[in-house]
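Colleague: I would like to see how this sequence folds:
(one chain, ligands or ions: 1)
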Amino acid sequence: MTTRLDGQTAIVTGAARGIGLGIARRVARDGCRVVAWDRDAAALASCQADLDPALAQVVDVTDLDAVERAIAAAVKAHGRIDILINNAGVNGPTLPTWEYPPEAWHRVLAVDLTGVFYCCRAVVPHMRANRYGRIVNIASIAGKDGNPNNSAYSAAKAGVIALTKSLANELADSGITVNALAPAITETDLLKEMTPEFIEGRRRRIPMGRFCTVEEIANMTAWVASPECSFTTGFTFDISGGRATY
Ligand SMILES: NC(=O)c1ccc[n+]([C@@H]2O[C@H](COP(=O)([O-])OP(=O)(O)OC[C@H]3O[C@@H](n4cnc5c(N)ncnc54)[C@H](O)[C@@H]3O)[C@@H](O)[C@H]2O)c1
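Modeller: Take a look at the predicted model:
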């Protein structure tokens, strides 16, 4: 039986746990060779028993040289990269903007926005040469709404939504689509940086009255990353249980 992503190769950033691991498992089930990236070597090693990626690379997405080297190694090993899932991300502290530490601001922007730029910058020439590609950026409902006490994260995710639109426009006639997902709060280790009040506040804003699940995000990502999603680019798919108003 052939599956939707048979024979394709996907890089998934932040694949060692949480949403990234869920996405990696899901696209692997659809027939994809998974190239798993994470900056956490120990977590990447321990996830391999259950993920069995084609290639696991310790990569910090804030290091452009490391990103470029890893893409070259992945292309050498597997011939082509069809899919890039920009998932790696951090939350940062939950504090009002006027108390937000500048070093935390820079860290969150570096991972959540500049990291996405670096990975896109490095993979797009390769996809353009193949005249095919699917880039899926995991943004957040915070990038649309601007969560209080979460300004760096919200600003970075709004930046990812805008970057998605710009790059999609640049690549519209190239066979490459660039889309984003805007999930609502999901129970993963990302919540460790949030206060219980902040988490409960975010959950209360979801009309469906529950957290998003990793599987729901993985299922939507797998479709957006597939050849079936062929006439949508520059779009941010909602996955917020009814919270999004646009
Ligand atoms: N959990 C949520 O509520 C939620 C909601 C909306 C969007 N998101 C987004 O989903 C994505 C995944 O989040 P998660 O909840 O699975 O978080 P998580 O903390 O469980 O996992 C994040 C993974 O990214 C890796 N990572 C972090 N910085 C990295 C870097 N510089 N280079 C490479 N890898 C790095 C971590 O080691 C970890 O394995 C993030 O972009 C996050 O912003 C999460």
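Colleague: and the strand or helix carrying residue 135, is it in reach of the ligand?
Modeller: Element membership for residue 135, per DSSP states H and E: strand 133-138. Yes: against the ligand, strand 133-138 shows contacts by Cβ under 6 Å from any ligand atom at residue 138. Heads up, the C-betas are built off the backbone N, CA and C, glycines and all.
Colleague: over to stretch 201-217?
Modeller: No: legend: contact between stretch 201-217 and the ligand by Cβ under 6 Å from any ligand atom is lacking; minimum distance shown is 6.8 Å.
Colleague: strands paired with the strand holding residue 135, and their directions?
Modeller: Within its sheet, strand 133-138 is paired with strand 83-86 (parallel), strand 176-183 (parallel), according to DSSP bridges.
Colleague: please identify the deepest-packed of the ones you listed.
Modeller: Among the strands paired with strand 133-138, the stretch with the highest mean neighbour count (mean count of other Cβ atoms under 10 Å) is strand 83-86, at a mean of 29.
Colleague: chain center to that one, what's the gap?
Modeller: Between the centre of strand 83-86 and the centre of its host chain there is 7 Å, according to Cα atoms, centre = their mean, to the nearest Å.
Colleague: quick revisit: now the next helix or strand along the chain from the strand holding residue 135: average pLDDT?
Modeller: Counting by DSSP H and E, the next helix or strand C-terminal to strand 133-138 is helix 142-145. Averaged across helix 142-145, the pLDDT comes to 97.
Colleague: equivalent analysis for stretch 227-241, please.
Modeller: Mean predicted confidence for stretch 227-241 is 97.
Colleague: mind listing what's buried in that stretch?
Modeller: 229, 233, 234, 235, 236, 237, 238, 239, 240, 241 (16 or more other Cβ atoms under 10 Å).
Colleague: list of residues touching it?
Modeller: Applying Cβ atoms under 8 Å, 6 or more residues apart in numbering, the contact partners of stretch 227-241 are 4, 134, 139, 141, 143-144, 161, 164-165, 168-169, 171-172, 177-184, 206-210, 212, 216-217, 220, 223-224, 244.
Colleague: can you check stretch 140-155 too?
Modeller: Contacts for stretch 140-155 (Cβ under 8 Å, 6+ apart): 90-92, 94-97, 100, 104-105, 108-109, 112-113, 156-161, 182-184, 198, 202, 236, 238, 240, 243-244, 246.
Colleague: can you tell me which of these are buried?
Modeller: Looks like the contacts of stretch 140-155 have 90-92, 94-95, 100, 104-105, 108-109, 112-113, 156-161, 182-184, 198, 202, 236, 238, 240, 243-244 buried, using 16+ other Cβ under 10 Å.
Colleague: what about those residues, which are in helices?
Modeller: Within those, residues falling in helices by DSSP state H are 104, 105, 108, 109, 156, 157, 158, 159, 160, 161, 198, 202.
Colleague: write out the residues of the protein neighbouring the ligand.
Modeller: Counting by Cβ under 6 Å from any ligand atom, the chain sits next to the ligand at 13-14, 16-20, 38-40, 43, 59-62, 87-90, 111, 115, 138, 140, 183, 185-186, 188-190.
Colleague: from the residues you listed, which would you call buried?
Modeller: Using 16+ other Cβ under 10 Å as the threshold, 13-14, 16-20, 38-39, 43, 59-62, 87-90, 111, 115, 138, 140, 183, 185-186, 188, 190 are the buried ones among the residues of the chain next to the ligand.
Colleague: backbone dihedrals for the spatially most central residue of the chain, both of them.
Modeller: Centroid-nearest residue in the chain, with Cα atoms, centre = their mean: residue 87, separated by 2.1 Å. Taking degrees, to the nearest 10, you get phi -120, psi -30 for the backbone angles of residue 87.
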